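Q: A predicted structure for the sequence below; I have some questions about it.
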Amino acid sequence: MTKSGAVLESDKAAKVMEVKKKLWKLVKTIVDEDDYKIETADEAIAALCTLKFFKDSKESLSFKVDDALAVPQQFTCPLSKNLMKDPVVLSTGQTYDRSFIQRWLDEGNRTCPQTQQVLSPTILTPNQLVREMISQWCKDRRVELPKPVENFDRAVTDADRKNLHSLLDKLSKSISEQKEAAKELRSLTKQMTSFRGLFGEYKDAIPQLLKPLSSGGVDTHHDLQEDLITTVLNLSIHESNKKLVAENPVVMRLLIESLKSGTIQTRSNAAAALFTLASLESNKPIIGNSGAFKPLIDLLDEGPPFAMNDAASAIFNLCFAHENKAKAVNEGAVKVILQKIKDHILVDELLAILAMLSCNQKAVEEMGELRVIPCLLSIIRESTSEPNKENCVAILHAICFNDRTKWKEIRAEETANGTLSKLAQSGTSRAKRKANGILERLNKAVSMTHTA
């Protein structure tokens, strides 16, 4: 092994150990704190993916360092086959160059190119360790480190700007011209990241886009409404547009109205737009105050599977803002969610939402009235999903500590099946802690009764 190869291997080992230490701290936070931030989970996923990345490598990097022109396979993007400029990790654990995987997603793909797994969510997490390893590799060979690029597609031209203005002008003309312009804008904002960013250069561009909806009359032109709302969805993917869309009350009103009426695809795309916009923390309360929960819950209740999924995703994202939880509960989320779970629909996603809502007193009372306890205990017994078991026992823990009238029901089930005792022995750390907390509360209640 060459000297530079030994240094690189040593550096790699040190960095892997550093990631392991970071992962340990993140996992401990997640296990110990019920209200940990979603960013903490994202960081833990990224750390795990980074470790998996190197564990899966079949060859040590040091075997290739003698060839100054050969880029290690671990440093190349599976899509471009070139040295990565800005490595990011998908939820599947695969690492790609940001600009190439972003283009893949921008084209409407929702699966991992390598594993073909459905991406939920489609979050790109920076792979800092791989980035540092690439930097060191370049430094050792006196190769200039590639600079990340914001957009894969070509830069915006004056012709693009002129085209945007022309298309927006057409939205004020005849209905046929409006439809033609809307379809073109939908296509351009789907295919070109740079064209989405172009809307941010003109503060009135997005309101002008939705002008046909403000003037009414779209009830008889659902195709126009669908194209315009889908364009808003495409625009909301671009980071610089998220505030522009959410902070414009007219745009938000039209988005919510389209969530209530129109084709099912229009309603679903409006929900997907809200999900994307809600990824920005400051947008969550704005969307919550805009009246989004009732139509989202209605879509979850009555929509087809793809629309229910978009509605559930939006509700989930919005409920990370504490003030939105009460709004969701007040609009009837608990009843609809519980019925879907009993019907075996989107169980994983909806249990996660129900667990988030269980910190709300009204939600806990409603769950009790809707006889949620047998359903949750049944899932714990029958499910093979550890996250589902965790969410179920977290909800039961909230019920047990907020509604003592349910102790008798939980105790009777525990006597018959020992569901919580088994979970306290074999569940995840968080599930064990919650299960033991319930059992201690029940045992204490029994002891107090005997003493009295």
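A: That came through, no problem. Residues are numbered from 1 along each chain as shown.
Q: Tell me where the stretch 201-350 of the chain has helices.
A: Under the criterion DSSP state H, counting those that start in this stretch, helices of the stretch 201-350 of the chain are mapped to 205-209, 211-214, 222-236, 239-246, 249-260, 264-277, 283-289, 293-302, 305-318, 322-330, 333-342, 347-357.
Q: okay if I get those as TSV plus distance to L167 and mean pLDDT?
A: Quick note: C-beta positions are derived from backbone N, CA and C, even for glycine. Below are those laid out as TSV (distance: least, CB to CB, whole Å; pLDDT from 0 to 100):
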stretch	distance to L167	mean pLDDT
helix 205-209	9	92
helix 211-214	12	88
helix 222-236	10	94
helix 239-246	17	91
helix 249-260	17	92
helix 264-277	19	95
helix 283-289	26	96
helix 293-302	28	97
helix 305-318	26	94
helix 322-330	35	96
helix 333-342	39	96
helix 347-357	37	94
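Q: Indicate which one of those is closest to R196.
A: With CB to CB, the closest approach to R196 among the helices of the stretch 201-350 of the chain belongs to helix 222-236: 5.4 Å.
Q: The closest one - contacts with which helices or strands?
A: Helix 222-236 sits against helix 175-191, helix 205-209, helix 211-214, helix 239-246, helix 249-260, helix 264-277, with contacts defined as 3 or more CB pairs under 8 Å, 6 or more residues apart in numbering; DSSP states H and E.
Q: hang on, the earlier thing: could you dump the helices of the stretch 201-350 of the chain to TSV with mean neighbour count?
A: Shown next, in TSV, are those (neighbours: other CB atoms under 10 Å):
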stretch	mean neighbour count
helix 205-209	19
helix 211-214	20
helix 222-236	25
helix 239-246	19
helix 249-260	20
helix 264-277	25
helix 283-289	20
helix 293-302	21
helix 305-318	22
helix 322-330	18
helix 333-342	21
helix 347-357	21
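Q: out of those, nearest to C77?
A: Nearest to C77, of these and by CB to CB, is helix 239-246 at 21.4 Å.
Q: That closest one packs against which elements?
A: Applying 3+ CB pairs under 8 Å, 6+ apart, one finds that helix 239-246 contacts helix 193-198, helix 205-209, helix 222-236, helix 249-260, helix 264-277, helix 283-289.
Q: Just the residues contacting that helix, thanks.
A: 196-197, 199-200, 203, 206, 232, 235-236, 251-252, 255, 273, 276-277, 279-280, 282-283, 286-287 (CB atoms under 8 Å, 6 or more residues apart in numbering).
Q: what is the orientation angle of that helix with helix 175-191?
A: Put simply, helix 239-246 runs at 140 degrees to helix 175-191, going by axes from the mean of the first three to the mean of the last three CA atoms, to 10 degrees.
Q: Just want the angle from helix 239-246 to helix 264-277.
A: Using the same axes, to 10 degrees: helix 239-246 against helix 264-277 is 110 degrees.
Q: G262: neighbour count?
A: 22 (other CB atoms under 10 Å).
Q: pretty sure it is touching D227, no?
A: No: using CB atoms under 8 Å as the test, G262 is too far from D227 to be in contact (11.0 Å).
Q: From S426, how far out is the residue lying closest to V232 once chain neighbours are set aside?
A: Nearest in space to V232, with sequence neighbours left out and distances taken as CB to CB, 6 or more residues apart in numbering, is A273 at 5.4 Å. Here the distance between A273 and S426 works out to 42 Å (CB to CB, to the nearest Å).
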